[in-house]
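Undergrad: model this:
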Amino acid sequence: QVKLVESGGGSVQAGGSLRLSCAASGDTISRFDMAWFRQAPGKERAGVVALDRVRSCPYGDIAQGRFIIYKDTAKSTVYLQMDSLKPEDTAMYYCAAGSTTCALWSEYPYWGQGTQVTVSS
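TA: Reported below is the predicted structural model:
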């Protein structure tokens, strides 16, 4: 069983950048499809971007041109580089691991505890 721990969240002004990290332990991330989701207060959990063994897969247009997912297999860590942040990006960001690329959130069996991102205008 893999354990996921997110970090890197914080408060930033609009237009700024953050890099979120998701460190995995108990198993190697190379065995999983990884994804980032986010959930704002009062809203449903939404997919941001996923990464399988060879390609990334955006969920809708949230990540288009602003967010990049990548991994360091040696460090067993997945990253989400977020640039040009907007106030509407404010949410709790979660890392997930599963076996189906760009799946619905309910299909990912492993989750981290989340890291808060707050973007002020």
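
Undergrad: what ranges do the strands span in the protein?
TA: With strands called from DSSP state E, the chain shows them at 3-7, 10-13, 18-25, 33-39, 46-51, 56-58, 67-72, 77-82, 91-98, 110-111, 115-120.

Undergrad: for the ones you listed, give me TSV that also has mean pLDDT.
TA: As requested, those are exported to TSV (pLDDT from 0 to 100):
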stretch	mean pLDDT
strand 3-7	98
strand 10-13	98
strand 18-25	97
strand 33-39	96
strand 46-51	94
strand 56-58	87
strand 67-72	95
strand 77-82	98
strand 91-98	97
strand 110-111	96
strand 115-120	98
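
Undergrad: out of the ones you listed, which comes closest to residue 104?
TA: strand 46-51 (7.9 Å; C-beta to C-beta). From N, CA and C alone the C-beta is placed, and that goes for glycine too.

Undergrad: how close does the residue positioned nearest the centre of the chain get to residue 94?
TA: Central residue of the chain (C-alpha atoms, centre = their mean): residue 36, 2.4 Å from the mean position. Distance of residue 36 to residue 94, computed by C-beta to C-beta, to the nearest Å: 7 Å.

Undergrad: in JSON lines: the strands of the chain, plus distance to residue 104.
TA: Formatted as JSON lines, the strands of the chain follow (distance: least, C-beta to C-beta, whole Å):
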{"stretch": "strand 3-7", "distance to residue 104": "18"}
{"stretch": "strand 10-13", "distance to residue 104": "28"}
{"stretch": "strand 18-25", "distance to residue 104": "19"}
{"stretch": "strand 33-39", "distance to residue 104": "10"}
{"stretch": "strand 46-51", "distance to residue 104": "8"}
{"stretch": "strand 56-58", "distance to residue 104": "13"}
{"stretch": "strand 67-72", "distance to residue 104": "17"}
{"stretch": "strand 77-82", "distance to residue 104": "19"}
{"stretch": "strand 91-98", "distance to residue 104": "10"}
{"stretch": "strand 110-111", "distance to residue 104": "13"}
{"stretch": "strand 115-120", "distance to residue 104": "21"}
